[in-house]
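[1] Mind folding the following:
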Amino acid sequence: MGESASSQNLGQGLFMTKKRRKLHGTVQKVIKPAFPHEKEKAEIGIQEADELYREIRVENVLTDPDGHKVRLKPGAEVDVVVEADSDATLKQPDEDSKKK
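    Sure thing, here's the model as predicted:
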């Protein structure tokens, strides 16, 4: 679900293929910084993750299509993309080879 590959032009006709997976999440809460020099965080619950590892916290800054900085609000539905270069991945064994 949500898995795909994308290509990135590296110049001179070279392409690097990236593998990616899109996960669905919900902003559970926005965490105000404890100190002025710290950044506001958004805690995101990822539905497809294992129960003990479901929440991640990220800096609560996004950029809209016009280049303006925006923030996530609690309850927002978000997509989390995990992306890796092809040389950082292994082929998934098929079901028949697992049974041997």
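[2] looking at the protein, which helix or strand does the model trust least?
    strand 3-9 (a mean of 55; mean pLDDT, DSSP states H and E).
[3] mind listing the strands for this structure?
    3-9, 15-31, 41-46, 55-59, 62-63, 69-70, 77-85 (DSSP state E).
[4] Any chance of those strands in CSV with distance to Lys91 and mean neighbour count as columns?
    Just so you know, the C-beta spots here come from the backbone N, C-alpha and C atoms, and that holds for glycine as well. Output for the strands of the chain, formatted as CSV (distance: least, CB to CB, whole Å; neighbours: other CB atoms under 10 Å):
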stretch, distance to Lys91, mean neighbour count
strand 3-9, 12, 10
strand 15-31, 10, 15
strand 41-46, 24, 19
strand 55-59, 27, 13
strand 62-63, 34, 11
strand 69-70, 38, 10
strand 77-85, 13, 12
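[5] Any idea which of those gets closest to Asp94?
    strand 3-9 (15.2 Å; CB to CB).
[6] contacting residues for the closest residue to Thr63 other than its chain neighbours?
    Nearest residue to Thr63, sequence neighbours excluded (CB to CB, 6 or more residues apart in numbering): Lys69, at 6.1 Å. With contact taken as CB atoms under 8 Å, 6 or more residues apart in numbering, Lys69 is in contact with 61-63.
[7] Of those, just say which sits nearest to Lys32.
    Val61 (13.9 Å).
[8] how near is that closest one to Ala49?
    23 Å (CB to CB, to the nearest Å).
[9] Which one of these two is surrounded by more residues?
    For Val61 versus Ala49, the count of surrounding residues by other CB atoms under 10 Å is larger for Ala49: 15 against 12.
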